[in-house]
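In: Got a sequence here, can you build the structure:
(chains A and B)
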2 protein chains.
Amino acid sequence: MTEISLFEAIYTQRSIRKFTDEPVSEEAIAQILEAATKAPSAGNRQPWEFIVIRDPQTRQIIGDYYLKAFREYKARVLEQAKTLPAAREQVARWERRGPPDAFAESLSTIPVLILVCLNREKLGVLHDDPEQPGQIPSTYASIYPAVQNMLLAARGLGLGSVLTTLHCRYEQEIKALLGIPDHVQTVALIPIGHPAVRFGPTTRIPVQQLTHYERWGARKEKG
Amino acid sequence: MTEISLFEAIYTQRSIRKFTDEPVSEEAIAQILEAATKAPSAGNRQPWEFIVIRDPQTRQIIGDYYLKAFREYKARVLEQAKTLPAAREQVARWERRGPPDAFAESLSTIPVLILVCLNREKLGVLHDDPEQPGQIPSTYASIYPAVQNMLLAARGLGLGSVLTTLHCRYEQEIKALLGIPDHVQTVALIPIGHPAVRFGPTTRIPVQQLTHYERWGARKEKG
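Out: Numbers count the residues shown, from 1 in each chain, chains lettered A, B, ... in the order given. The predicted model follows:
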């Protein structure tokens, strides 16, 4: 097991969207998934399930849905950028680095896709209901921490990964393709491979600008 | 900076619900929050904001809401346990270890509460809408990975933490108390202190039972 330090992993974990052809071992995938299961969940219900996809034909079909979803998403971000500063920055980054179309187009060629599933039966919450205060965030708080453990574990093993959710736009089609039952939701699609680009450091807004003390908007620590 | 390894942190991170009175340094809180900001988010929008709460009176008011929410939650879990195996296990654990009422009752005495906020304006998504496929999971996929980084960073610094969301039941009251604007949602309340109990290992379902290959329900690797 690698001895990368926790903080080095956190500081250098980065969304990797370019991969080499080198295969990914079953052992590495098992380590990544085991790391996922160490995350917390409400009442320790552990509502996660994972589908490991290596079959080229399945990757191709999912890749096609992903690319359609990406094109819809890209159009929406370009529209948002007319009024929303955070979207404008995203588009500026695309212009600097080249748009992420290449990633969406290459999805089916990445060695492993892990579809992270949320077994809602275990939570006793079969559907998102905005009328129930707190029900929606509590549900997702029981799955995305596990996803972050996967991204960090991949980084720790020298593998690249990226958290994507665009497949959700075609969730019904993908669930039918893979035989996923009604009470199970697909919440993330994580491509994994050997990175063809560097890990971080990443670019982030300084945390001081996002920290409030005691009340919203109070920027300075008291005392 | 501590040199705990990534995998040791992931394997021993555990929900800590008993704390000593020892104060938590501002530097440690800053490291935990900075770790949060290294997480990925959709389009690198970085929609997180953090309120650091040490004021005893504020902690008392939030603690009172939390305790009310906890009692409602506990009643619901006891009801669920009549039919749901995952809830039955949760109740069995409460019976073995003593119910978690003591934690809910003690919340206001924990040195620091961090309220993790989601600035929805940055995502251009002001409300959860179950009619928009994928919109809800994509939103929360941009905040709970940051929360997991916080839990791991706390572990790395020898501090205890626990991801809680029950305050969401009284979110409107808490937002009014702290002056949080409409476009900002509170998605997690994370108490932080020096642990009065051990870190992990934790108890989890073996990952093999939760891994599928190529299709839902296919338990054995092909080949």
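In: gap between the residue most central in space within chain A and chain B?
Out: Of all residues in chain A, the one closest to the mean position by Cα atoms, centre = their mean is A:Leu163, 1.9 Å from it. Distance, A:Leu163 to chain B, by Cβ to the nearest Cβ, to the nearest Å: 5 Å. Any C-beta I mention is one placed from the backbone N, CA and C, and that applies to glycine too.
In: Surely that residue is in contact with A:Val147?
Out: Yes - using Cβ atoms under 8 Å, A:Leu163 is in contact with A:Val147, at 6.0 Å.
In: Give me the common contacts of those two.
Out: Common contact partners of A:Leu163 and A:Val147 (Cβ atoms under 8 Å, 6 or more residues apart in numbering or on different chains): A:188, A:190, B:141, B:145.
In: ok, so of the residues you listed, who is nearest A:Ile16?
Out: A:Ile190 (10.7 Å; Cβ to Cβ).
In: did I read that right, that closest one in a helix?
Out: No - counting by DSSP: H, G, I helix; E, B strand; the rest coil, A:Ile190 is not part of a helix but strand.
In: I figured it hits A:Asn149, correct?
Out: No - using Cβ under 8 Å, A:Ile190 is not in contact with A:Asn149, being 11.4 Å away.
In: Any buried residues in the lowest-mean-pLDDT helix or strand in chain A, and which?
Out: Across the helices and strands of chain A, mean pLDDT, DSSP states H and E gives its lowest value to helix A:85-97, namely a mean of 93. For helix A:85-97, a neighbour-count test (16 or more other Cβ atoms under 10 Å in any protein chain shown) marks A:86-87, A:89-91, A:94 as buried.
In: same thing with stretch A:48-57?
Out: Neighbour-count burial for stretch A:48-57 [16+ other Cβ under 10 Å]: A:48-54.
In: same question, stretch A:12-23
Out: Using 16+ other Cβ under 10 Å as the test for burial, stretch A:12-23 gives A:12-17, A:19.
In: hang on, the earlier thing: next, see if the least confident helix or strand of chain A gets close to chain B.
Out: Yes - applying Cβ under 8 Å from any Cβ of the partner chain, one finds helix A:85-97 touching chain B at A:86-87, A:89-90, A:93.
In: same check, this time on stretch A:183-199
Out: Yes - with Cβ under 8 Å from any Cβ as the criterion, chain B is reached by stretch A:183-199 at A:184-185, A:187-188.
In: Show me the two of those that sit farthest apart.
Out: Farthest pair in these, by Cβ to Cβ: A:Val184 and A:Ala188, 13.1 Å.
In: ok, those two, which is more surrounded?
Out: Taking other Cβ atoms under 10 Å in any protein chain shown, A:Val184 and A:Ala188 do not tie; A:Ala188 has more neighbours (26 against 19).
In: what angle separates the helix ranked longest in chain A from helix A:85-97?
Out: Longest helix in chain A by number of residues (criterion: DSSP state H): helix A:56-80. Relative orientation of helix A:56-80 versus helix A:85-97 (axes from the mean of the first three to the mean of the last three Cα atoms, to 10 degrees): 120 degrees.
In: which intervals of chain A have sub-threshold pLDDT?
Out: A:1-2, A:221-223 (pLDDT under 70).
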